[in-house]
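Q: Build me a structure from this.
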Amino acid sequence: MAIPEALAFDVYGTLVDPIGIAAELERHAGDAARRIAETWRQKQIEYTFRLSMMERYEDFEWVTHRSLHQALAVVGLELSAGAVDELMASYDRLQRFDDVAEGLDRLREAGHTLAILSNGTPRMLERLALNAGLRPPIEEIVSVDEVRVYKPSPRVYLHAAERLRRPPGEVRLVSSNPFDVVGAETAGMRAAWVDRSGVGLFDTLGEPPRMVVRSLVELAAELDRAAV
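A: Down below sits the predicted model:
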């Protein structure tokens, strides 16, 4: 029987697929849809880093909106305000990865505390959790909005541990994003890297964590084995 842990899950790229929005983009952009989706995601992350370095905070809805306009500009496409609003609304309906439902159920059955720790705003995360069927089994939602700085600032991870009423060393971040994993471990958390690409390409800024998995189902099995 696994010793229950407090697990803090990244959302975008870990529980739901932001690149999957390319299917919605095809109606507006045709063959350029996937490039827009990938650029949109890249710019989202880039803008959060830049804002944090400037010690300036704009919430993730603002970042997502600005990133979409930049991604459209990269391919030379201009959409109506209505079309942009539709795409922004689609971000609340991103599809979960196929392993997520079974993996979260197994983790909850093992007694682990399940929480979200995300750059998303509380409104975005509540709607996404509802639409993607994440809550339940996820119990807590922690947004960077509460500390007004983005991952991988140590303040984010320390705040999450406080919200979960655990020391940082007793919380494990679960993320597909290497920068997030490195940030969490630097702040004193444990981590599990979900290598969704299967390529094994981690961030050279740090070493991969001890726990590397391909899915949440595999994560549940690894935590079971680690407790034996």
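
Q: In CSV, list the C-alpha atoms belonging to stretch 14-32.
A: Output of stretch 14-32 as CSV, limited to C-alpha atoms (Å, rounded to 0.1, in the frame of the first residue of the first chain):
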residue,chain,number,x,y,z
THR,A,14,0.4,17.7,-18.2
LEU,A,15,-3.4,17.1,-17.6
VAL,A,16,-4.8,18.8,-20.8
ASP,A,17,-3.4,19.3,-24.3
PRO,A,18,-2.9,22.9,-25.3
ILE,A,19,-1.7,21.9,-28.8
GLY,A,20,-5.0,20.1,-29.3
ILE,A,21,-6.6,23.4,-29.9
ALA,A,22,-5.3,23.2,-33.4
ALA,A,23,-8.4,21.3,-34.3
GLU,A,24,-10.5,24.4,-33.5
LEU,A,25,-8.0,26.6,-35.2
GLU,A,26,-8.4,24.7,-38.5
ARG,A,27,-11.7,26.4,-39.1
HIS,A,28,-10.0,29.7,-39.2
ALA,A,29,-6.4,29.0,-40.3
GLY,A,30,-6.5,25.8,-42.3
ASP,A,31,-3.0,24.2,-42.7
ALA,A,32,-1.4,26.9,-40.5
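
Q: List the buried residues in that stretch.
A: Within stretch 14-32, the residues scored as buried using 16 or more other Cβ atoms under 10 Å are 14-18, 21-22, 24-25, 28-29, 32. Quick note: C-beta positions are derived from backbone N, CA and C, even for glycine.

Q: same deal with stretch 165-183?
A: Going by 16+ other Cβ under 10 Å, stretch 165-183 has these buried residues: 166, 168, 171-178, 180-183.

Q: Generate TSV for the buried residues of stretch 14-32, with secondary structure and pLDDT as supplementary columns.
A: Conversion of the buried residues of stretch 14-32 to TSV gives the following (DSSP: H, G, I helix; E, B strand; the rest coil; pLDDT from 0 to 100):
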residue	secondary structure	pLDDT
Thr14	coil	98
Leu15	coil	98
Val16	strand	98
Asp17	coil	98
Pro18	helix	97
Ile21	helix	97
Ala22	helix	97
Glu24	helix	94
Leu25	helix	96
His28	helix	93
Ala29	helix	94
Ala32	helix	97
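
Q: Make TSV from these and add distance to Glu46 to it.
A: Listed next are the buried residues of stretch 14-32 as TSV, based on distance: Cβ to Cβ, whole Å:
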residue	distance to Glu46
Thr14	19
Leu15	21
Val16	20
Asp17	19
Pro18	14
Ile21	18
Ala22	19
Glu24	22
Leu25	19
His28	23
Ala29	21
Ala32	20
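
Q: Which of the buried residues of stretch 165-183 fall within helices?
A: If you go by DSSP state H, the buried residues of stretch 165-183 have 178, 180-183 in helices.

Q: with the buried residues of stretch 165-183 in mind, which one is nearest to Ala226?
A: Nearest to Ala226 among the buried residues of stretch 165-183, counting by Cβ to Cβ, is Arg172 at 10.4 Å.

Q: Quick one: name whatever helix or strand follows the helix ranked longest in the chain.
A: Taking DSSP H as the criterion, the chain has its longest helix at helix 33-53. Scanning forward in sequence from helix 33-53 by DSSP states H and E, the next helix or strand is helix 60-74.
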